[in-house]
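A.B. asks: Make a model of this:
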Amino acid sequence: MQSAPIKFERFQSENDDACQERILSAIDKLGDRLVILGHHYQHEGVYRHADFTGDSLKLSRYAAGSDAEYIVFLGVHFMAEVADILSRPDQVAILPDMAAGCSMADMANLAKVERCRRELSEHYDFDQTFTPVTYINSAADLKAFCGEHGGIVCTSSNATKIAEWAFNQREKILFFPDQHLGRWTGYKMGIPLDEMMVWDPDLPLGGLTKEEIDKAKILLWKGHCSVHQMFQPQHIAKFREQYPEGKVIAHPECTFEVCRQSDYVGSTEFILKTVSESAPGTRWLVGTELNLVNRLAERMKPEGKVVQFMSPLVCECSTMARIDPQHLAWTLENLASGNVVNRIHVAPDEAELAKLTLDRMLAVS
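C.D. replies: Numbers count the residues shown, from 1 in each chain. Model (predicted):
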């Protein structure tokens, strides 16, 4: 029986332990009607409750295949949008805190991307020359833009395969919003750095000349992840000086120099797999979000492996951190009472175009 919605204020003063009990009780009441998806960057206090965990690609697959009535996403806004787009109309995608966004995703909005297309269209037939590729860390309307213009979505797991597909469609790629993933992907494909130009959306024609765009194979949007910019080449140099036998692994959202000086570069799933499968007693320097690194470090201790965060400064993804036990308890207790809070719903016309790009991605992957 439905009751009046429970206000979040009732949970703000609850300590984490009390919230854990409330979360478990609500999960028990909801049963198979609920599935909780958790990104690797989440706090342990909520991550422990996830039915499925993974990176963006893995969680996209879970969202597409879930039978649950409610899909609660422990992540950020664009992830919950993907869950809504890929799930059935009768399913409900929920984000426990609407303020859990992504600063990188905010660096490319539809108005700026449309202006970019208009400016490029003054010199080229855009839809015959450029394949737009958006990193999954982007809003639904940018995924829809790619759907409208023959483009596709990528993740850090499948970026190379996606870029190969994109080049099979047209001669150039417009890649947004993360320049670093785009640059590293192109570099791995053998594209020279001077054929990958940064498009600054705040400058006319992206701050480029027509000749530079003619030469470019990939136009890289001027965007980045603030957490992954903390990692610097000197952090790697110091680690190698102290531990010559150690290994360095980084996420491709890191800068080009950090990626180039690392022994391995890959997605969060790749990082977890590579370190987990390494020999006992090995030492690792890891360049990605703090919660994942700390969790991995604890998991590797029994095997004598040492896993350390690349930066001497402790910093986590502040927007991911907004999903705390208080918000999760509030969300689940409302669901158990018959009230849906913080539903993420993408408009049908936008969702249809965005789904084209996500389906293309899943097929190519």
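A.B. asks: so where's the stretch 1-150 of the chain shaky on pLDDT?
C.D. replies: 1-2 (pLDDT under 70).
A.B. asks: Identify the residue nearest the geometric centre of this structure.
C.D. replies: residue 137 (4.6 Å; CA atoms, centre = their mean).
A.B. asks: if I read this right, it contacts residue 56, doesn't it?
C.D. replies: Yes - using CB atoms under 8 Å, residue 137 makes contact with residue 56 at a distance of 7.3 Å. For glycine as for every other residue, the C-beta is placed from the backbone atoms N, C-alpha and C.
A.B. asks: Would you tell me which helix is longest in this structure?
C.D. replies: Counting by DSSP state H, the longest helix found in the chain is helix 348-364.
A.B. asks: Check what contacts that helix and list those residues.
C.D. replies: 60-61, 64, 81-82, 84-86, 134, 136, 140-141, 143-148, 151-155, 158, 161-162, 165, 346 (CB atoms under 8 Å, 6 or more residues apart in numbering).
A.B. asks: Could you list the low-pLDDT ranges of the stretch 201-350 of the chain?
C.D. replies: Using pLDDT under 70, the stretch 201-350 of the chain drops low at 314-320.
A.B. asks: could you pull out the strands for this protein?
C.D. replies: Assigned strands in the chain, in chain order: 34-39, 52-54, 70-74, 92-94, 130-135, 152-154, 172-176, 196-199, 218-221, 247-250, 264-265, 283-287, 306-309, 343-344 (criterion: DSSP state E).
A.B. asks: Tell me how far the nearest residue to residue 167 once chain neighbours are set aside lies from residue 50.
C.D. replies: Spatially, and ignoring its direct neighbours in sequence, residue 167 is nearest to residue 173 (6.9 Å; CB to CB, 6 or more residues apart in numbering). Residue 173 sits 33 Å away from residue 50 when distances are taken as CB to CB, to the nearest Å.
A.B. asks: the more surrounded of the two?
C.D. replies: Set residue 173 next to residue 50 and count neighbours by other CB atoms under 10 Å: residue 173 wins out with 27 against 21.
A.B. asks: Now do the same contact list for the more buried one.
C.D. replies: 130, 131, 132, 133, 163, 166, 167, 182, 217, 218, 219.
A.B. asks: Just the buried ones from those, in ChimeraX syntax?
C.D. replies: Here is the ChimeraX selection string for the buried members of those, based on 16 or more other CB atoms under 10 Å:
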select :130,131,132,133,163,166,167,182,217,218,219
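A.B. asks: And the contacts of residue 173, which is closest to residue 285?
C.D. replies: Within those, proximity to residue 285 (CB to CB) peaks at residue 182, which comes in at 24.2 Å.
A.B. asks: Residue 112 versus the closest one, what's the distance?
C.D. replies: Residue 182 sits 16 Å away from residue 112, going by CB to CB.
A.B. asks: cool, and residue 86?
C.D. replies: From residue 86 to residue 112 the distance is 26 Å (CB to CB).
A.B. asks: And for residue 74?
C.D. replies: 29 Å.
A.B. asks: Then residue 363?
C.D. replies: For residue 363, the distance to residue 112 - CB to CB - is 29 Å.
A.B. asks: What of residue 156?
C.D. replies: 23 Å.
A.B. asks: These two: which has the busier surroundings?
C.D. replies: Taking other CB under 10 Å, residue 156 and residue 112 do not tie; residue 156 has more neighbours (26 against 17).
A.B. asks: Now do the residue nearest to that one when sequence neighbours are not counted: how many residues are near it, please.
C.D. replies: Residue nearest to residue 156 in three dimensions, not counting chain neighbours: residue 267, with 4.0 Å by CB to CB, 6+ apart. Counted with other CB under 10 Å, residues neighbouring residue 267 total 24.
A.B. asks: go on, the one 3 residues further on?
C.D. replies: As a burial measure, residue 270 scores 17 neighbours (other CB under 10 Å).
A.B. asks: Now do residue 232: how many residues are near it, please.
C.D. replies: So residue 232, with other CB under 10 Å, has 18 neighbours.
A.B. asks: can you map out the helices along the stretch 101-250 of the chain?
C.D. replies: Applying DSSP state H, counting those that start in this stretch to the stretch 101-250 of the chain gives helices spanning 103-106, 110-121, 126-129, 140-148, 159-169, 179-188, 210-215, 233-242.
A.B. asks: need those helices in CSV with distance to residue 256, can you?
C.D. replies: CSV is the format used below for those (distance: least, CB to CB, whole Å):
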stretch, distance to residue 256
helix 103-106, 16
helix 110-121, 22
helix 126-129, 25
helix 140-148, 23
helix 159-169, 14
helix 179-188, 5
helix 210-215, 18
helix 233-242, 10
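A.B. asks: and of the ones you listed, who's closest to residue 321?
C.D. replies: helix 103-106 (12.7 Å).
A.B. asks: domain parsing for the protein?
C.D. replies: The chain breaks down by automatic domain parsing into domains covering 9-101+320-346, 105-225, 228-309.
A.B. asks: Endpoints of the shortest one, how far apart?
C.D. replies: For domain 228-309, the first and last residues are 11 Å from each other (CA to CA, to the nearest Å).
A.B. asks: Off-centre distance for that domain?
C.D. replies: Distance, stretch centre to chain centre, for domain 228-309: 19 Å (CA atoms, centre = their mean, to the nearest Å).
A.B. asks: The residue nearest to residue 64 when sequence neighbours are not counted and residue 148, how far apart?
C.D. replies: Nearest residue to residue 64, sequence neighbours excluded (CB to CB, 6+ apart): residue 86, at 4.1 Å. Per CB to CB, residue 86 is found 18 Å from residue 148.
A.B. asks: more crowded one of these two?
C.D. replies: Between residue 86 and residue 148, counting by other CB under 10 Å, residue 86 is the more crowded of the two (23 against 15).
A.B. asks: Go ahead and confirm that one touches residue 60.
C.D. replies: Yes - contact criterion CB under 8 Å: residue 86 and residue 60 qualify, at 6.4 Å.
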